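1. Could you work out the structure for the sequence below:
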Amino acid sequence: MQTRPLYSLACLTALALCGCAKDSTSVLTDKRWMLVQIDDFPLTLSSYSPTTQSYLKFAADGKRTVGLGPCNSFSGQYSLGGSGQQLSISAQAATKATCGGQNIEDKYLTILPLTARFEIVGQELRLYDASAAQPRLLFKQAPQ
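-> Numbering: from 1, shown residues only. Below is the predicted model:
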């Protein structure tokens with residue numbers, strides 16, 4: 001009976017499968033996620049300039065968020081839950097400038113700490129609150 005070739009094949013298969021899996025931290029972190037939609041309202045640009053768009057970034061340390069709303073930069077904390085898609089985001093501390101997009105920014109910063117889970121589909125990050133079937137915030141990954 002030749003068990004050695006079967007054992008080697010099983011080990012190689014297991015290594016290949018493990019190498020393909022990405023943990024939830026690595027798919028979120030050190031990417032700039034550009035805000036493209038709040039609830040059913042699509043967004044395009046920030047009030048900063050015609051080329052600057054609101055974004056959210058998760059630091060690789062697994063703790064800090066930084067971002068830009070239509071009017072202000074902000075930062076806070078985040079944590080990932082055990083199931084891989086659970087995500088908790090703290091209330092964000094923001095600078096205090098006002099602009100024409102203030103109501104949009106207020107909604108953005110109000111919804112962020114309601115986040116209970118996330119989903120990544122292709123280059124899209126979707127944030128859900130505990131009760132929503134549809135994402136509350138939708139982001140697209142910025143080109144690297």
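2. For the protein, which segments are assigned as helices?
-> In the chain, the helices defined using DSSP state H lie at 3-20, 24-28, 102-111.
3. Out of these, which gets the lowest mean score?
-> Mean pLDDT is lowest for helix 3-20 among the helices of the chain, at a mean of 40.
4. What residues sit buried inside stretch 52-62?
-> By neighbour count with 16 or more other Cβ atoms under 10 Å, stretch 52-62 contains the buried residues 53-58. C-beta: built from backbone N, CA, C; applies to glycine.
5. likewise stretch 137-144?
-> For stretch 137-144, by 16+ other Cβ under 10 Å, it's 137-141.
6. wait, which of those is closest to Leu35?
-> Of all the buried residues of stretch 137-144, Phe139 has the smallest distance to Leu35: 5.6 Å, by Cβ to Cβ.
7. what's near enough to touch that closest one?
-> Contacts here follow Cβ atoms under 8 Å, 6 or more residues apart in numbering; on that basis Phe139 touches 33-36, 55-56, 124-127.
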